[in-house]
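Colleague: Kindly return the folded structure for what I paste below:
(2 chains)
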There are 2 protein chains.
Amino acid sequence: MKSTSLDLNRMADALRFLAVDAVEKSNSGHPGAPLGMAEMATVLWSRHLKHNPANPGWPDRDRFVLSNGHASMLLYALLHLSGYDMPAAELQRFRQLHSRTPGHPEHGLTPGVETTTGPLGQGLANAVGMALAEKLLAAEFNRPGHAVVNHLSYVFVGDGCLMEGISHEVCSLAGTLRLSKLVVLYDDNGISIDGHVQGWFSDDTAARFRAYGWHVIGQVNGHDPKAVDAALQAAREQAQKPDGRPTLICCKTVIGKGAPTKAGGHEVHGAPLGKAETQAMREALDWTAAPFETPPELAASWSALERGRTAEQVWRLRFEAYRSEHPELAAELERRWAGTLPDSFVENLPARLAALCENTQALATRKSSQLTLDALAPLLPEIFGGSADLTGSNLTNFKGCVIAGRDQAGNHLSYGVREFGMAAMMNGMALHGGFIPYGGTFLTFSDYSRNAIRMAALMRQQVIHVFTHDSIGLGEDGPTHQAVEQVPSLRLIPGLDVWRPCDLQETAQAWSQALQRRTGPSALVLSRQNLPALSRPEQAEAIQRGGYVLRDAAQPRAVIIATGSEVQLAVQAQEQLAALGLAVRVVSMPCSSRFDAQSLAYQEEVLPLALPAVAIEAAQPDFWRKYVGRQGAVIGMQTFGESAPAPELYRHFGITAEAVVLAVRGLLKL
Amino acid sequence: MKSTSLDLNRMADALRFLAVDAVEKSNSGHPGAPLGMAEMATVLWSRHLKHNPANPGWPDRDRFVLSNGHASMLLYALLHLSGYDMPAAELQRFRQLHSRTPGHPEHGLTPGVETTTGPLGQGLANAVGMALAEKLLAAEFNRPGHAVVNHLSYVFVGDGCLMEGISHEVCSLAGTLRLSKLVVLYDDNGISIDGHVQGWFSDDTAARFRAYGWHVIGQVNGHDPKAVDAALQAAREQAQKPDGRPTLICCKTVIGKGAPTKAGGHEVHGAPLGKAETQAMREALDWTAAPFETPPELAASWSALERGRTAEQVWRLRFEAYRSEHPELAAELERRWAGTLPDSFVENLPARLAALCENTQALATRKSSQLTLDALAPLLPEIFGGSADLTGSNLTNFKGCVIAGRDQAGNHLSYGVREFGMAAMMNGMALHGGFIPYGGTFLTFSDYSRNAIRMAALMRQQVIHVFTHDSIGLGEDGPTHQAVEQVPSLRLIPGLDVWRPCDLQETAQAWSQALQRRTGPSALVLSRQNLPALSRPEQAEAIQRGGYVLRDAAQPRAVIIATGSEVQLAVQAQEQLAALGLAVRVVSMPCSSRFDAQSLAYQEEVLPLALPAVAIEAAQPDFWRKYVGRQGAVIGMQTFGESAPAPELYRHFGITAEAVVLAVRGLLKL
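Modeller: Numbers count the residues shown, from 1 in each chain, chains lettered A, B, ... in the order given. Got it, this is the predicted structure:
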């Protein structure tokens, strides 16, 4: 041990004052957690974390996730002191517009921030996904004598993260999968916003995690650097065992530690200490440096630039040795890290899509999705599928896929009945790199995972959600399972592409677009029931525009817009209206966000303002006012569904071609 | 023990064949779980459950929740055999339109169904809420020698429920609160849809629940009536201990038990057994009765009509004794059960609302909400508030409220950081009766609880959600905390009233309406930041219509529609336009579902089709196309927010009075 505990305590104080000064200056933020976790952070970052501040993108770095993201100033102080591109000027702009120091850590904005945290429990889930990605990638690429993928994922969590249900989902799964390179440090300070947690959270957390099969180190004094160091050492040993388990280190801490009068209370959680307390803290800790300044000797102890450069250099040499023995593997691993699609995928895609569309059977789009996976997945080693215990219903598995498990690398995982956990783990896998994760559940249960879908969009991560059983069309399972509001609701998430395809070709195009969209998540909304093939091969490119004229008519007098399983009804209505001498156009709109991104000229060409419009979708109808206006008509679901065979339900709720015909005639007053 | 194990096994077979025959006839459904839980159900229902089939509304009945709702046919068979209003004809219409036997059990549709289940984990959470309601009501109303509130809540859960995160949230809290009258029977069959759960769920569930402080009875043979009976007896003893704990009974079972070749496999979970297997099962179990028929001696053993009548009668006599000693308490308890508001509330409401509105300070609507609670809560003993660890931010507590805890009855609970669990527990409290539950969190975390909000709407339960920090107006906490899509997204849930008030009067009216709405949930969406008082006392009634002319102008040339914190911007724009000689009307729309329920004439009066319209709301804008059409303008948030002080964010995102002025001028081409 080079640094003494005393040094480490002083280093911790350096974190403390940066956090306090920043919260004080912005007059907003959370000082309590940074103060309480200062020693934990110091020991981890200065003595264990493998990272290179000069290259936050080094693929084999350890990951660090601050799941209790409100402690953001702790992370910013760590980045600053370690030598990341985080100047003191940015600390002084804590929580100000366009600073690198927003209220909660934001991935993509701040170098060194591995994931965006704040919504409690999700950072932990991201880290479980990162540890899973590491394990899978190591199994796929490491070779004897060449452990080129070998890093840990460390997480700080608070009481809040551990109260959240998602912590159960992902920690149960992490235990089952033996993700031994996951190390969680629990900031057990006994305080949450409402006060002493004992009144609402009296779990024996150590016992709980042992029940998940974890390696638990309990009763660590979180303010004793030696104790924290020993625990981390034990965790790292566990991580390298062939049958190791994930580690939980329970650190007893005092919230706001260092604040002379406020430490240990819940008021220190989310409000500045105030001038007097800050001053008293400076005196109590004998801290004479000016605000935002760190004494040079401490700054030197903190800098990880040299250590980081050496660590990466050592690894680079190892990687070159790997490359010389396994040149193809090395090239492939670099491609995976870079996140570029394989050349063979790009080359073969058009032909495979075209071949798929030769199949003109009536198919459920969930089946079309599986056929697409059968065709495309073999071209994409980075694809990693799964389902929240509905594999055979979501049809997320594909020919030749390998089921991953505790002792088995693979490319499809049974996540168990854990929708939210799955979604947040997929975010972690995408953030880790090397994978394009996708996962399935019933559309109605997108509610469970909703905030993780949002987080993927906020972080612009490529995660693909497969939501099957997408409407009353699922039939007998009834209203709890029938998505009525979920399609329009998902469309509201900024940056999420929601695809609701009507047939195999649209489904294949949706998958193709989602796979090529490296900068954001996509949701594929798929039917349980069979749907006829409607789009023509030559419309492939039009589909990519999100909305297009599926079937036109000479001088149409109205437009019918539809998605997914209702496109067939639009086509039938068109035919019935034609028989009455009324020419109408049918627009299929599989992805409205894509359509909205087209030129106004294209949009106007497809949906001329002058033409009255009727939309039909077996979902809450308000969304369509955007395209049909106040005076158009929308045929949809104003209520929840019912339990009955699907065809009966469509009749019962009036979602029929006849209803469209009536609506068009109503608009045309004919 | 009157009935022998042999009898009980035979009774269980009666359940089995009804379940199998119904699934077979409808060619849809889940036979595996009913077959596996048949003995557990038989022992509980015939020997322990306190209920009266002739009166499913008896307030002191035990509650039974089938959290694994896909096993619905088990429950329907239980109701049928026990003597509820569930004729065999309804069993034959399993999963058909408008039957009493939908795919998943639906409260309100089927007598004896305590809650709607299907979305896994939530039934368990509802039951925790029921047990909490019982404990609180007992503490409030029971008197020495008069235990008029004294019933248990029993739940069946499967692996799926226990994998879901919500199970952690509510079971952790149930342990902390020592809800000893909660008894959970775990159908531990080791199988979920993807196969043997060991690959994705290897928790030591007994140890997990012990870590929550539960009384756990492990390793019970779920097919041995004696073993199940003994466990239930122990649970009931635990329930009556002064410091008792909730009980988990882990029943080892075989999924599909009784099906000769399919038992124990995952294919029996969700598909009919098929004719051959059903026939083989009849032979193997020596079952000669025709489909949907029960041999008379078994039917007689099953009938709970007499036992139920006696049990209720005994209780009624006890209640009359209570009434004679405590007439006022008895009357009050009956009122609480009936769910009618107190006369004093109805009488005092107008004056209290009027008094509130004398306060014309600028106030955050979260503060307005607290002031309203201060004024109204003392009139409503049935109100039960809480917060997911944000009490001081949501301001859900009120003057004189009593914090409830393990050993303390009260009317405000710290639920911990458990948004989903809180929402589903509130549903359970509402279903139990005696309470109007409300609970708070930040609006953005309504995502976490979304499916429970949906379930309240589906079940038409009076639950009130207090969602504060409702937009970029919360400022520095940044995009993870800034709701952008949540308001429009909540508006999509059928039957949910979403209120976004602009000042104290609108907030008070929103509360008043939510409290009087006995047949559905409401969400109150409230600001963190101060807002000026804008509505006038004489507009109280107009507010109740959900949308109204807040400030008119002579011969307006356009309408500006706004909600919540943006109404002040609409008013400023109106003034700026007036200065330019342009008369416009300002419409405040605190609750669009209420506005949509008004007559078309009223709607047209407020928002004439002929007038161009601009909407402003700091949220995803598409919703407003419903009112402004394709050619109107909407000023809102097309992206996620940022971390910065709120006023800067409003300017940055262009949500300003000036933007409204420009939009109106654009529409009028002036």
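Colleague: where exactly do the helices run in the stretch 401-550 of chain A?
Modeller: A:419-432, A:446-459, A:486-491, A:504-516, A:540-544 (DSSP state H, counting those that start in this stretch).
Colleague: what's the most buried one of these?
Modeller: Ranked by mean neighbour count under mean count of other C-beta atoms under 10 Å in any protein chain shown, the helices of the stretch 401-550 of chain A are led by helix A:419-432, which reaches a mean of 30. All C-beta spots, glycine's among them, are computed from the backbone N, C-alpha and C.
Colleague: who does that one touch, helix- and strand-wise?
Modeller: If you count contacts as 3 or more C-beta pairs under 8 Å, 6 or more residues apart in numbering or on different chains; DSSP states H and E, helix A:419-432 packs onto helix A:122-141, helix A:165-176, strand A:383-387, strand A:436-442, helix A:446-459.
Colleague: Mind checking those for the one nearest to chain B?
Modeller: Nearest of the helices and strands packed on helix A:419-432 to chain B, taken as C-beta to the nearest C-beta: helix A:165-176 at 2.4 Å.
Colleague: How far does the closest one sit from its chain's centre?
Modeller: Put simply, helix A:165-176 sits 16 Å off its chain's centre (C-alpha atoms, centre = their mean, to the nearest Å).
Colleague: likewise stretch A:453-461?
Modeller: The answer for stretch A:453-461 is 5 Å, by C-alpha atoms, centre = their mean.
Colleague: same thing with stretch A:182-198?
Modeller: 24 Å.
Colleague: ditto for stretch A:242-250
Modeller: Here stretch A:242-250 is found 24 Å from its chain centre; the criterion is C-alpha atoms, centre = their mean.
Colleague: Send me that stretch as PDB with only the CA atoms.
Modeller: C-alpha atoms of stretch A:242-250 as PDB (Å, rounded to 0.1, in the frame of the first residue of the first chain):
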ATOM      1  CA  PRO A 242     -13.600 -19.600 -12.300                       C
ATOM      2  CA  ASP A 243     -16.900 -19.900 -10.400                       C
ATOM      3  CA  GLY A 244     -16.900 -16.500  -8.800                       C
ATOM      4  CA  ARG A 245     -19.900 -14.500  -7.700                       C
ATOM      5  CA  PRO A 246     -20.800 -10.800  -7.900                       C
ATOM      6  CA  THR A 247     -19.700  -9.000  -4.800                       C
ATOM      7  CA  LEU A 248     -21.700  -6.600  -2.600                       C
ATOM      8  CA  ILE A 249     -19.700  -4.500  -0.200                       C
ATOM      9  CA  CYS A 250     -21.900  -3.000   2.500                       C
END
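Colleague: Let me know whether it sits next to chain B.
Modeller: No. Remark: stretch A:242-250 sits outside contact range of chain B, by C-beta under 8 Å from any C-beta of the partner chain, the gap being at least 11.4 Å.
Colleague: Show me what counts as buried in that stretch.
Modeller: A:244-250 (16 or more other C-beta atoms under 10 Å in any protein chain shown).
Colleague: likewise stretch A:574-586?
Modeller: Within stretch A:574-586, the residues scored as buried using 16+ other C-beta under 10 Å are A:574, A:576-577, A:582, A:584-586.
Colleague: Nearest to the spatial middle of chain A, which residue is it?
Modeller: A:Asn427 (2.8 Å; C-alpha atoms, centre = their mean).
Colleague: Pull the contacting residues for that residue.
Modeller: Taking C-beta atoms under 8 Å, 6 or more residues apart in numbering or on different chains, we find A:Asn427 in contact with A:115, A:122, A:125-126, A:129, A:452, A:455-456, A:459, A:461, A:463.
Colleague: nearest to B:Arg47, of these?
Modeller: A:Ala125 (42.5 Å; C-beta to C-beta).
Colleague: For that closest one, which non-adjacent residue is closest in space?
Modeller: A:Ala424 (3.4 Å; C-beta to C-beta, 6 or more residues apart in numbering or on different chains).
Colleague: The one you found: what's it in contact with?
Modeller: Applying C-beta under 8 Å, 6+ apart to A:Ala424 gives the contacts A:121-122, A:125-126, A:129, A:166, A:170, A:449, A:452, A:455.
Colleague: can you do 10 Å?
Modeller: Under the criterion of C-beta atoms under 10 Å, 6 or more residues apart in numbering or on different chains, the neighbours of A:Ala424 are A:115, A:119, A:121-129, A:166, A:169-170, A:418, A:449, A:451-453, A:455-456, A:463.
Colleague: For A:Arg245, see how far away it is.
Modeller: Using C-beta to C-beta, to the nearest Å, A:Ala424 is found at 21 Å from A:Arg245.
Colleague: likewise A:Glu334?
Modeller: 31 Å.
Colleague: what's the most distant pair in the buried residues of stretch A:574-586?
Modeller: A:Gln576 and A:Arg585, at 14.6 Å, using C-beta to C-beta across the buried residues of stretch A:574-586.
Colleague: Tell me which other helices or strands the helix or strand where A:Arg16 lies touches.
Modeller: In this structure, A:Arg16 sits in helix A:5-26 according to DSSP states H and E. Under the contact criterion of 3 or more C-beta pairs under 10 Å, 6 or more residues apart in numbering or on different chains; DSSP states H and E, helix A:5-26 touches helix A:32-36, helix A:38-47, helix A:72-82, helix A:88-91, helix A:225-239, helix A:275-284, helix A:296-302.
Colleague: can we see that at 7 Å?
Modeller: helix A:32-36, helix A:38-47, helix A:72-82, helix A:225-239, helix A:275-284, helix A:296-302 (3 or more C-beta pairs under 7 Å, 6 or more residues apart in numbering or on different chains; DSSP states H and E).
Colleague: just so I know, which of those helices lies nearest A:Ser387?
Modeller: helix A:225-239 (28.5 Å).
Colleague: Which residues outside the closest one are in contact with it?
Modeller: Helix A:225-239 is contacted from outside by A:5, A:8-9, A:39-40, A:42-44, A:47-48, A:152, A:180-181, A:183, A:215, A:217, A:220-222, A:244-245, A:247, A:249, A:251, using C-beta atoms under 7 Å, 6 or more residues apart in numbering or on different chains.
Colleague: C-terminal to it, what's the next element?
Modeller: strand A:247-252.
Colleague: Can you tell me the strand partners of that following strand and which way each runs?
Modeller: Strand A:247-252 has its sheet partners listed here by DSSP bridges as strand A:182-188 (parallel), strand A:215-221 (parallel).
Colleague: on that earlier part again, export the helices and strands packed on helix A:419-432 to a markdown table and tack on mean pLDDT?
Modeller: Shown next, in a markdown table, are the helices and strands packed on helix A:419-432 (pLDDT from 0 to 100):
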| stretch | mean pLDDT |
| --- | --- |
| helix A:122-141 | 98 |
| helix A:165-176 | 98 |
| strand A:383-387 | 98 |
| strand A:436-442 | 98 |
| helix A:446-459 | 98 |
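Colleague: I'd like those laid out as a markdown table, including distance to B:Ala235.
Modeller: Rendered in a markdown table, the data for the helices and strands packed on helix A:419-432 read as follows (distance: least, C-beta to C-beta, whole Å):
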| stretch | distance to B:Ala235 |
| --- | --- |
| helix A:122-141 | 33 |
| helix A:165-176 | 23 |
| strand A:383-387 | 35 |
| strand A:436-442 | 33 |
| helix A:446-459 | 30 |
